[in-house]
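>>> need a structure here:
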Amino acid sequence: MLYESAWVVEVRQSTVLVQVGTHSSCSHCGVQQSCNNNIWGRLLPAFLRVPSSYLELPNILNVTTGDKIELATTENHLLLTTFVVYLLPIIVLLFSAWIGQVISTQLLLEGELFSIFFAMMGFWGSLKVGIRLLRYYYPCDITMVRKIIDE
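Residues are numbered from 1 along each chain as shown. Below you'll find the model as predicted:
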């Protein structure tokens with residue numbers, strides 16, 4: 001299991017909206033301000049139109065706004081998500097570029113315009129479809145483990 005801290009932002013009827021903070025390993029890093037993880041963490045959610053660090057979870061611990069909680073997820077879910085978000089789009093990008101090149105050769109077109117177009121459409125499409133399939137067939141298994149009481 002992987003654990004992460006989060007703060008309750010809003011309490012709804014039977015669910016809570018939590019905001020995930022920086023990773024626990026980030027606090028030991030000397031280059032936090034110029035980290036690429038922070039940059040991609042802001043850009044990718046905006047591109048995909050999903051909230052960046054907010055999760056809606058069932059309120060099983062009866063928490064209130066402002067509480068700090070600990071979340072848990074499995075390694076399998078993290079690996080599958082990583083494959084869908086990182087590896088699958090790269091594979092589809094390369095395959096789509098090759099298809100674009102074959103089509104442009106068959107149509108006797110000069111240049112790589114078809115390859116570039118097909119590569120970009122394949123990359124974008126695989127991200128959108130992959131994330132939708134992931135949400136539908138393998139929903140997020142993040143659960144609240146415990147309420148953290150600061151002393």
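
>>> okay, now V92: neighbour count?
For V92, the neighbour count with other Cβ atoms under 10 Å is 20. Every C-beta, even on glycine, is put in place using the N, C-alpha and C of the backbone.

>>> now do the contacts for it.
Listed by Cβ atoms under 8 Å, 6 or more residues apart in numbering, the contact partners of V92 are G122, F123, G125, S126.

>>> wait, is it part of a helix?
Yes - counting by DSSP: H, G, I helix; E, B strand; the rest coil, V92 is part of a helix.

>>> can you tell me how far it is from L79?
Computed as Cβ to Cβ, to the nearest Å, the V92 to L79 distance reads 19 Å.

>>> which of the helices and strands in the chain ranks last by mean pLDDT?
Lowest on mean pLDDT, DSSP states H and E among the helices and strands of the chain sits helix 36-48, with a mean of 48.

>>> quick check: the residue sitting nearest the centre point of the chain vs V16, distance?
Residue closest to the average C-alpha location in the chain (Cα atoms, centre = their mean): V85, at 6.7 Å. When distance is defined by Cβ to Cβ, V85 is 25 Å away from V16.

>>> just I116 next, same as before
With distances taken as Cβ to Cβ, I116 is found 44 Å from V16.

>>> again, but for Y137
Remark: distance between Y137 and V16 (Cβ to Cβ) = 25 Å.

>>> okay, those two: which has more neighbours?
A count of neighbours by other Cβ under 10 Å puts V16 above the other of Y137 and V16, at 24 against 8.

>>> and the pLDDT at that one?
Note for V16: predicted pLDDT of 86.

>>> my guess is it contacts L57. True?
Yes - using Cβ atoms under 8 Å, V16 is in contact with L57, at 5.9 Å.

>>> does L55 count as helix, strand or coil?
Assigned with three-state DSSP, L55 falls in the strand class.

>>> which non-adjacent residue is nearest it?
Among residues not flanking L55 along the chain, V18 sits closest, at 5.3 Å (Cβ to Cβ, 6 or more residues apart in numbering).

>>> for my notes, confirm that neighbour occurs in a helix.
No - per three-state DSSP, V18 lies outside any helix segment and is strand.

>>> number of nearby residues for it?
25.

>>> in the top strand by length along the chain, what counts as buried?
Selection of the longest strand in the chain by residue count, based on DSSP state E, yields strand 2-11. Within strand 2-11, the residues that count as buried by 16 or more other Cβ atoms under 10 Å are E4, A6, W7, V8, V11.
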